[in-house]
Structures are given as C-alpha cells and as structure tokens.
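**Q** got a predicted model here, sequence first, then my questions.
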Amino acid sequence: MPDAAAWSALEADAEAARSRSILSLYAAEPDRLERLTVEAAGLTLDLSKQPWSRAGVEAAVALARASGVEQKRADLFAGAAINTSENRAVLHPALRAATGGNFSAKGEPVSAEIDQVRASIKAFADDIRSGAIRGATGKRLRNILHVGIGGSDLGPRLLWESERPLNASFNLRLISNVDGSEIAVALDGLDPEETLVTVVSKTFTTQETMANAQAARQWLRDAMGSKGDQHLIAVSANPQAVADFGVSPERLFAFRDWVGGRYSVWSAVSLSCAIALGFDVFEAFLAGGAAMDAHFLSAPLERNAPVLLAMAQVFNRNGMGRAARAVIPYSRRLRLLPLFLQQLEMESNGKSVSPDGKPVAHATAPVVFGDQGANAQHAFFQMLHQGTDIVPVEFVGVARNDEGPASAHPKLLANMLAQSEALMIGRSEAEVRAVLQAKGLDPAAIDVLAPQRTFPGGRPSTLIVMDRLTPQALGALIALYEHKTLVEGAVWGINSFDQWGVELGKAMATRILPALEGGASAPHDPSTSAWIERLKR
Ligand code: F6P
C-alpha cells in the first residue's frame, strides 16, 4: 500500500473512532484482546484499550510498512549513517549484544572495541567492589558521585533507582543541574577519601557538567591535594577534552560518536551503576535490551511490540489529534521512567523538518509527562478522566514485588487496573442519576450534580506489565521505547537521532553569562536586557 493510502486508511478509522466506544470493539472483534496482547522479551503489552478497530490496526501496520520501518530497522542494525545531519551511524544495539558480536558502524567493525570496553568496565567495577582498587589515601571506596546531564544522567539514574538493592554496599549520588544547591546536597556527608567521581559527558564540553566536575575536583583536592585527582574518572567520546581536563587516558572509559546521548545507558555511561550495582546486574540489563532487539528484528509487524506501541501513538497523535501522552509507572522504583522518556521521545522526535530540509506533513512528538501511580491519581488524574482534552495513558506495572508489607502490592495493582478500566468505561449520566435518586436527592439537585459526576469514558490506555522489575526487564523496557521512537520517526519522516533544537538556548546562555558576571552586556531584546540588569552581580 502506498504511503498516502495508508495514511488515509488510518485517518478513516480514527474518524470512525470518534463516535464509537472502545468497549464495543471487544464484542465486535472476539479475538481483540488476544490479537492486541503481545509478549516481548518478558514484557506483556495490552493494546486492546486503544481506540483503533481491527481495520485501524491493519491500516497502522500498513502505514509502518509503507513508511519504510523495516528498512530503517535494517539500517539501524547494519550501522548505516541514519543520523544523516551528523553523518553518523546509530548503533546502541551493538552495545548490548552478546560478546563476540559482528557490528559495524558505517562499515568499520566495532564489536571488538565494545567487548574490550565492557571487559575494562567489569575489571574496574570488580576491583573497586572487592577493594583491590582503593582511594589515594588507602581507604576503601564506598561512594560514587556521578556527574552528567541529559543522556549522561537520566539512563544511569533510572537504572540505579530501579535496581538499587535495599542494603546497597555502595552509595551512588548523581548530580546534573548546575545549581549550587544540588552539588552541596550531593556532597553532604561524603568522605572524599572514600568517594570516586565519575564525570560523564559525551562531548566533555557541556557547561553544566564541566562546572560540576570542576567543583567536585576542587572538593577532592581540598581534602587530598593533587592526589585527589586519582579519584576522578571520565566517561566520554572526546578523549582530547578529557586529557585537557587533566584526566589521564587510563582513567577514561570511552564510547563513540555513534552512541547518541539519550541512547547511551548501555555504554560506559553506566559505569557508576556497574560499580554500585555490580557488573552482573549491568550485564543482565544489557541482556534484557538484547532480548528486545531480537524481538524487534524477528516478530512480524502485526505482533511487534515496539511497532504496535509506536503505531498506537501515531493513531492517537495523527488520527485523533491528541497532543500529549501520560506515562504512569505503578512502581516506585520506576518513578523516573517519565523523565527518561521525555528526553528519549521529545528530544528524538520533537522535530518539524524532514532530513531533506522540508517541513513535515504530519504532527510529530507529543508532550510526554507522568508520575508514579498511585501518587499521580491523587494529583492530575482528575483532568485525565474529566478534562476537555483526551490524553492517552500508558500504565507500566510490575506483577510481583516482595518488598515491604505483602498487603501493599495488590492495592497498587488494583489501582492501576481500575484507572485503566475507568478511563475506558466511564460512568454514564443515567447511572449517576440513578445513584443520586437512590440517595434521595431532589430532581433539581440531581440536574446540577449529575453532569459533574459523569465520566465520559472512551479514554484510551495501554498496559505494559513485567513479572518482576529485574535488570533484564528494565533493559527490555528501555529498548522497547527506543525502538518505538525509531518507528515513530520513520512514520513521521524525521531524523530521530540529532538534536539541533537544544543548541540555540545554549549559545544564548553563553552570551548572557559574561553580563551576569559583571562584564559588558551584548544587545538583547528589551525584556532580556532588563532582566540582565536586575540579576547581574
Ligand atoms: O543539550 C542536550 C544534550 O546534548 C543531550 O542530547 C545530551 O544527552 C546532553 O546534552 C548531555 O551531553 P553530554 O553527554 O555531551 O554532556
């Protein structure tokens, strides 16, 4: 089917969905639940509560096919330069492949180097954990301060928060913001002689990270003099900048330019986690990602989890004009998932121009937001149930959790299922009226109250459930979203792997900073100039 015909078919089913209840589709399509429940790398996805009918799903899959998703997938794994504006391969799957892989980036073999870096991460993590490597004054290293921002922070932060043991033998703190309060809190109570500082930055030029790295290095030097520098470790794709900062090559863990920042959690960027959680945990995380790669590569598009998840997004975004999506993990340990996905999806697909410089024909990335359930229910779910905008919701759940009181987890799961059901089914005005009548309210009061207590329903959601929140499951979950992002990018006709939109603000901050520090001010708009006057030292 040509691209335009596939778009029309999807839009036609979306149009029909406006006047059809999602619930009615279960009766009309007896195989619906089974057909739209997909198993992938230990995750179960239920996409049956989405507004698409069988015809809509078929149109969506045809659209994925017509948009060249299979070719984009092949190009990704082949190491082709699919990041065209930077002429770079995009090869994060190579980082999580089993040892002895055969990946190439733009024709250059990379798997041997990946295995070598992975072995050095293991050796370093094992030696620190065993005490074979100690601090400059002979003390055992017990703390890690991880300094990085964006992709050099969010992935490791999510990995640590998801998998940290209750009684961690390592204390890992991550700082990202260039806010004095943040580093002050992070360093509070830490003994520099027992602390390793990992400075993580692909470019090693990011203003926030370099400022925090300098502050951390000063803190080490204040305690140990020049020996303090032995506690500094760099993770970067820019060895020259690392050397210029004063970190010697044997304390650099490298990765390459074909690892995008927001796709870098599989690389040495997670060194701090490999140390703090143990290399076996990191390795299991990689294996989970590789299992999702195997699914993405082999499952037919009709049963392919990243493809269906992406196409549900396309159906809502483009077919139904829904400009946001909420991601609600019913797991405290996954509470950072929405933040991670904000960068992954909004930095990857928040684009308006195609790789050949032409305006895109369709709306691209929606706003992604969320918080952990059940907290989110008590904060913004009012709007999701009764607001004027329909916001599709993704519920991410964990079937089993042995932590804490046994009575807690069923309550959490009950709330997740209840919210998904309530969004779809709603509560009709007739039902509300009957309840109010039964309570003995007079008709005038019922007329006023009933509309306010009615739930329109018909609000879509997806369930993604894992058995336990193991490192493998987390790896599979992140890889699921990475591939979903690639599929959406292919359908929207954009390059999901560059991020030119972050540059302008960075450049302007560099122009404003000297004025705030007391120097001369460059010309600005009237508002900015006035604020510089107010805020300068
Ligand atoms: O400003 C956005 C960004 O470039 C992200 O893409 C990246 O993850 C982050 O900054 C950090 O970059 P770096 O790892 O080079 O410090």
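**A** Structure's in. What do you need?

**Q** for residue 522, see how far away the residue in the stretch 251-400 of the chain positioned nearest to the ligand is.
**A** Residue of the stretch 251-400 of the chain nearest the ligand, by CB to the nearest ligand atom: residue 261 (2.6 Å). No exception for glycine: its C-beta is placed from N, CA and C like everyone else's. Using CB to CB, to the nearest Å, residue 261 is found at 29 Å from residue 522.

**Q** one step back: what's near enough to touch the residue of the stretch 251-400 of the chain closest to the ligand?
**A** Applying CB atoms under 8 Å, 6 or more residues apart in numbering, we find residue 261 in contact with 150, 151, 152, 202, 499.

**Q** again, 6 Å this time
**A** Counting by CB atoms under 6 Å, 6 or more residues apart in numbering, residue 261 touches 150, 151, 202.

**Q** need the nearest residue in space to it, chain neighbours excluded.
**A** Spatial nearest neighbour of residue 261, chain neighbours left out: residue 151 (2.9 Å); criterion: CB to CB, 6 or more residues apart in numbering.

**Q** relative to residue 270, how far out is that neighbour?
**A** 11 Å.

**Q** got it, and residue 303?
**A** For residue 303, the distance to residue 270 equals 31 Å [CB to CB].

**Q** who has more neighbours out of the two?
**A** When residue 303 and residue 270 are compared for neighbours, residue 270 comes out ahead with 27 against 16, by other CB atoms under 10 Å.

**Q** which one is the more buried one nearest to, not counting chain neighbours?
**A** Closest to residue 270 by CB to CB, 6+ apart is residue 156, at 5.0 Å.

**Q** next secondary structure after the host helix or strand of the one you found?
**A** For residue 156, the element it lies in under DSSP states H and E is helix 154-163. Downstream of helix 154-163, the next assigned helix or strand under DSSP H and E is strand 171-175.

**Q** can you pull the phi/psi pair for the closest residue to residue 200 other than its chain neighbours?
**A** Distance criterion CB to CB, 6+ apart; nearest residue to residue 200, sequence neighbours excluded, is residue 148 at 3.5 Å. Main-chain dihedrals, residue 148, degrees, to the nearest 10: phi -180, psi 170.

**Q** residues touching residue 469, list them.
**A** Contacts of residue 469 (CB under 6 Å, 6+ apart): 333, 398.

**Q** secondary structure class for it?
**A** coil (DSSP: H, G, I helix; E, B strand; the rest coil).

**Q** rewinding a little: which among the contacts of residue 261 are in contact with the ligand?
**A** Counting by CB under 6 Å from any ligand atom, 150, 151, 202 from the contacts of residue 261 sit close to the ligand.

**Q** that older thread, now the residue nearest to residue 270: how far from the ligand?
**A** Taking CB to the nearest ligand atom, to the nearest Å as the measure, residue 156 falls 11 Å from the ligand.

**Q** cool, and residue 243?
**A** Counting by CB to the nearest ligand atom, the gap from residue 243 to the ligand is 16 Å.

**Q** skipping adjacent residues, who's closest to that residue in space?
**A** Nearest to residue 243 is residue 249, by CB to CB, 6+ apart, at 7.0 Å.

**Q** got the phi/psi numbers for the one you found?
**A** phi -60, psi -30.

**Q** hang on, the earlier thing: give me the neighbour count for the residue nearest to residue 200.
**A** The tally of other residues near residue 148 (other CB under 10 Å) stands at 30.

**Q** ok, so what distance separates it from residue 308?
**A** The gap separating residue 148 from residue 308 is 33 Å, by CB to CB.

**Q** about what we covered before: quick one, what contacts the residue nearest to residue 261?
**A** Per CB under 6 Å, 6+ apart, neighbours of residue 151: 261, 262, 264.

**Q** same question for residue 339.
**A** No contacts exist for residue 339 under CB under 6 Å, 6+ apart.

**Q** from residue 262, how far off is it?
**A** 12 Å.

**Q** got it, and residue 30?
**A** Taking CB to CB, one finds residue 30 at 41 Å from residue 262.

**Q** between these two, which one's more packed in?
**A** residue 262 (26 against 9).

**Q** the more buried one and residue 343 touch, don't they?
**A** Yes. When contacts are counted by CB atoms under 6 Å, residue 262 is listed as touching residue 343 (4.9 Å).

**Q** what is the mean pLDDT for stretch 340-349?
**A** Averaged over stretch 340-349, pLDDT sits at 98.

**Q** do stretch 175-193 as well
**A** For stretch 175-193, mean pLDDT rounds to 97.

**Q** what of stretch 380-392?
**A** 98.

**Q** tabulate the CA atom coordinates of it in CSV.
**A** This file holds the C-alpha atoms of stretch 380-392, laid out as CSV (Å, rounded to 0.1, in the frame of the first residue of the first chain):
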residue,chain,number,x,y,z
PHE,A,380,-3.6,15.1,37.9
PHE,A,381,-5.9,12.2,37.1
GLN,A,382,-8.9,14.4,37.5
MET,A,383,-8.0,16.0,34.2
LEU,A,384,-7.4,12.7,32.5
HIS,A,385,-10.9,11.5,33.5
GLN,A,386,-13.0,14.6,33.0
GLY,A,387,-10.8,17.3,31.3
THR,A,388,-11.7,18.7,27.9
ASP,A,389,-8.6,17.1,26.3
ILE,A,390,-8.2,13.4,25.9
VAL,A,391,-4.8,12.2,27.0
PRO,A,392,-3.9,8.6,26.2
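
**Q** tell me the spacing between the residue sitting furthest away from the middle of the chain and residue 196.
**A** The centre of the chain is farthest from one residue, residue 442, which by CA atoms, centre = their mean lies 50.9 Å away. The gap separating residue 442 from residue 196 is 71 Å, by CB to CB.

**Q** switch the contacts of residue 261 over to JSON lines; also include pLDDT.
**A** JSON lines is the format used below for these (pLDDT from 0 to 100):
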{"residue": "150", "pLDDT": "98"}
{"residue": "151", "pLDDT": "98"}
{"residue": "202", "pLDDT": "98"}
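
**Q** can you put those residues in CSV and add secondary structure?
**A** CSV is the format used below for those (three-state DSSP):
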residue, secondary structure
150, helix
151, helix
202, coil
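
**Q** and of those, the nearest to residue 483?
**A** Nearest to residue 483 among these: residue 151, at 16.7 Å, using CB to CB.

**Q** got the buried residues for stretch 252-266?
**A** In terms of neighbour count (16 or more other CB atoms under 10 Å), stretch 252-266 has its buried residues at 252-256, 258-266.

**Q** measure it end to end?
**A** Across stretch 252-266, the terminal residues are separated by 17 Å (CA to CA, to the nearest Å).

**Q** ditto for stretch 434-442
**A** End residues of stretch 434-442 are separated by 12 Å (CA to CA).

**Q** next to the ligand, which bits of the protein? Give me the list.
**A** 149-152, 201-203, 206, 209, 261-262, 347, 499, 502.

**Q** make a markdown table out of the residues you listed and add secondary structure.
**A** Formatted as a markdown table, those follow (three-state DSSP):
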| residue | secondary structure |
| --- | --- |
| 149 | coil |
| 150 | helix |
| 151 | helix |
| 152 | helix |
| 201 | coil |
| 202 | coil |
| 203 | coil |
| 206 | coil |
| 209 | helix |
| 261 | helix |
| 262 | helix |
| 347 | helix |
| 499 | coil |
| 502 | helix |
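
**Q** buried subset of those residues?
**A** 149, 150, 151, 152, 201, 202, 206, 209, 261, 262, 347, 499.

**Q** quick revisit: quick check, nearest of the contacts of residue 261 to residue 179?
**A** residue 150 (15.1 Å).

**Q** just checking, residue 522 touches residue 510?
**A** No. Counting by CB under 6 Å, residue 522 does not reach residue 510; the two are 10.2 Å apart.

**Q** okay, those two: which has more neighbours?
**A** Ranked by neighbour count (other CB under 10 Å), residue 522 and residue 510 place residue 522 first, with 13 against 10.

**Q** model confidence score at the residue in the stretch 351-500 of the chain that the ligand sits nearest to, please.
**A** Residue nearest to the ligand within the stretch 351-500 of the chain: residue 499 (4.7 Å; CB to the nearest ligand atom). Per-residue pLDDT puts residue 499 at 98.
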